[in-house]
Every structure is written in C-alpha cells, then in structure tokens.
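**Q** sequence and predicted structure below; questions after.
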Amino acid sequence: MTSVTDPQIHGHVDEGFGPVADVFRGNFASRGEVGAAVAVYVAGRKVVDLYGGLADPRTGRPWTADTPAVVFSVTKGIMAICAYRLVQEGRLDLDAPVTRYWPGFGQHGKAEIPVRWLLTHQSGLPALDKPFTREEVIAWDPVIEAIEAQAPLWQPGTAHSYHPITYGWLIGEVIRRITGELPGAYFARTLGEPLGLRTWLGLPAAERDAVAWMLAPIGDPGPAAHPVAERGITMGGAFAFPADENGLVSFNDPAIQAAQIAGAGAVSTAAGLARLYGACVADVDGPRLLSAASVDDAITVRAAGQQVYGHPDIGHRWGTGFLVHSAPRPMVGARSFGHDGAGGHLAFADDTHQVGFGYVVNQMGGVDDVRADLLSAALRDCLAG
C-alpha cells in the first residue's frame, strides 16, 4: 500500500495500481477537476482510495474521504442491483407483466409491458405528458398517478429511448409494491446499512453539510436535446437540468437530495459505489450480492442502436438496468456492467476481474469529458499488467 503525498491528492493505492493515481492527479492538473474521488475494489479488497480538491469552492471546504456527491444516473445501476436482489429472492420475475405487481400500471396500452422493459428503456415512457411542480416530483405519488394515466410514446418493445428520470419511478414503484418500502428505504435496509456504505437515495438530514457542491458543466454541451427528451429530463419543467440560467445545479437543492428521485438522485462517496459494485461480484463481508446467473442476465444486450428521441447512435449498449461495456463507455472488459451519471460520474463491476469501481466529481463536464474513461483505461491496464 502506498500513501499519496501530493498536497492536493490524498488516500492510498496498492502496489500495481499507481497508474490510476497518475490519471487522477492529471485530472486536477489538466482536465479541470475541482473536487473528486475514485475507489477500486478487487476480489473484495480496496486497492485504490483517492480523493482531493475542494468539496465546496464557495467556502474552500476540502474534499475528504467521507465526502459524498449527487451521482445522477449512477442511481439507475443502484436500483437495478436492488431489482436483481429481489429476483434472486424469488420475489420478482423480470419477464412478468408489470401489472402482476402494480395493477394500475396497465392502463392505456401498458398491460403487456414486462418489468424488464422498464429497465431497458423500451417501455415508451421516457417523458410524461403532465407537467409537474418540484413539490409533486418530491412527493412520489403524483408521478405514479401520471404514469398510470400515460399512454406509451411508441409501441413498447419495438424501440428504445433513454428514460432519464422516469426510470426511477418505474422500477422504484415495482420495488415498493413488492417490499412495502420506497426504494431508498429498501436499499438502505438491505444493502446500504449492512455494507456500511455512505450511499443514499434520500439523504439523511445529518449528512446534508457533508455533500459536495455541484458545479455547472464545462466543456462541449453537445447538441440540444429533442423536445421529448428535454421534457423527460426536467420532469415537465419541475426543475432545470442540470443547471438553471444562473448556473445553479438543481440537485444542490436539499429537498431534492432528501427526496427519492430514484433515476438520478442518489448521493454517494466513490468508496461507497466501489464497495457496492465490488460486493456484486466478490465476497465483501459476506457472500457476493449477485449470482453468476444474475450477471449473465444483466449483461445480455437488450437495447442498442438509434434511440427514438436520442442523438445519432454512438454505440451505447444496454443490458437490463445497466450500461454494459461498449465503445462510448469502455470499462474494463466484456463482462463489465454499471452506469455513468451526468457530469462525469461512473460506477461499475466486472466479474472476470472481481472489480468494483466508483468515481464521483463536483465539476460537471460536457460531452467531451474524458476523466472517467481515462481512469477506467488506467485500471484496465493495471489489471492486464
């Protein structure tokens, strides 16, 4: 184990993983990093745990080992892990109709949609016709009622388009109907607390002051979103995403962080994400979380190619609930699965290498952001070396 003595970077890396530290340091030196952390587990052991910079540049508060950040769509992978745990317990069948668990969902042409399509962006519900207030989004039930009243925007199962925010209510309500708990409470009870993770969906009030302050994206913003995609990512105007006209990132709002916005609202440290994903593929204080059969199912490509409301296809491939190893988001190998998040966050696992990886930031990047990919590439080289 080697301690890092750079005045801006803290933590440690095990022998053989120095290149990850080099890239992490380079992100601060030349790629606009303000505050960030990266962690890696291999075979159940933490081999990288680095953090540095400022958690809040407004006050000069430093990033510490315990600093969590809003991780946006990394949340989707956390919810997918929860779903697979219910599958393994025999409580959820991904290929059963959603109505088996949530009868009211079946209205307006949705009766035959299987649970799996909620996780593969094929249900035709990336945006809802109803505009929402911020308070309605936070309250959960108004969105559920709108989903029940919504007709799919295309014939379900015939195409896919990324469900940026509705994903969370879709699979989250299935989790609630099965367990009797909102998804954040279910995650905390079954995974977050037993594993000792600083990872939450529904941030406790006591942790509010520890959270990193998110900074509006820099770099190339990419082409404007399709109007339907824009409606989906803002929940019909409930909040600006990612930032308003004054550059304030909407998810800095304490009420949003405390809510259970299960497609984008999780708050976590990098070490929490790495430990969670590491536990999916190796023993971490107990048996691994996901069976080999679950991983096989999760990484089977279910959706790829041009999205209905997306930009030109750049090669993303979707398993069930997870982004899988593909050209625009290479991880460490063909069996890697996880999820990225707006602004640059990334978390994934790979059962061939028994790896769990987590990277969180507060300076959001644009479409030209390479920070996470360079860290993944360095890790890939270390594992191959």
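**A** Now that the structure is in, tell me what you want to look at.

**Q** quick one, helices of this structure?
**A** Along the chain, counting by DSSP state H, helices occupy 18-30, 74-88, 115-119, 134-139, 141-149, 166-179, 183-187, 227-233, 254-258, 270-281, 292-299, 371-384.

**Q** could I get those as TSV with mean pLDDT, distance to T320 and mean neighbour count?
**A** All C-beta atoms are positioned from the backbone trio N, CA, C, and that covers glycine. Shown next, in TSV, are the helices of the chain (pLDDT from 0 to 100; distance: least, CB to CB, whole Å; neighbours: other CB atoms under 10 Å):
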stretch	mean pLDDT	distance to T320	mean neighbour count
helix 18-30	97	29	18
helix 74-88	98	7	25
helix 115-119	98	5	26
helix 134-139	97	26	17
helix 141-149	98	20	17
helix 166-179	98	10	24
helix 183-187	98	16	24
helix 227-233	96	20	18
helix 254-258	97	27	17
helix 270-281	98	14	29
helix 292-299	98	5	18
helix 371-384	97	21	20
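
**Q** which among these is found nearest to V360?
**A** With respect to V360, and counting by CB to CB, the nearest of those is helix 270-281 at 4.8 Å.

**Q** for that closest one, name the packing helices and strands.
**A** Applying 3 or more CB pairs under 8 Å, 6 or more residues apart in numbering; DSSP states H and E, one finds that helix 270-281 contacts strand 35-42, strand 45-56, helix 74-88, strand 199-200, strand 345-350, strand 355-361.

**Q** how about JSON lines for these, with distance to A188 added?
**A** What follows is the helices and strands packed on helix 270-281, written out as JSON lines (distance: least, CB to CB, whole Å):
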{"stretch": "strand 35-42", "distance to A188": "20"}
{"stretch": "strand 45-56", "distance to A188": "21"}
{"stretch": "helix 74-88", "distance to A188": "11"}
{"stretch": "strand 199-200", "distance to A188": "7"}
{"stretch": "strand 345-350", "distance to A188": "17"}
{"stretch": "strand 355-361", "distance to A188": "18"}
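
**Q** picking up where we left off before, can you redo the helices of the chain as a markdown table with distance to G11?
**A** Converted to a markdown table, the helices of the chain look like this (distance: least, CB to CB, whole Å):
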| stretch | distance to G11 |
| --- | --- |
| helix 18-30 | 8 |
| helix 74-88 | 20 |
| helix 115-119 | 34 |
| helix 134-139 | 35 |
| helix 141-149 | 39 |
| helix 166-179 | 31 |
| helix 183-187 | 26 |
| helix 227-233 | 33 |
| helix 254-258 | 25 |
| helix 270-281 | 9 |
| helix 292-299 | 29 |
| helix 371-384 | 14 |
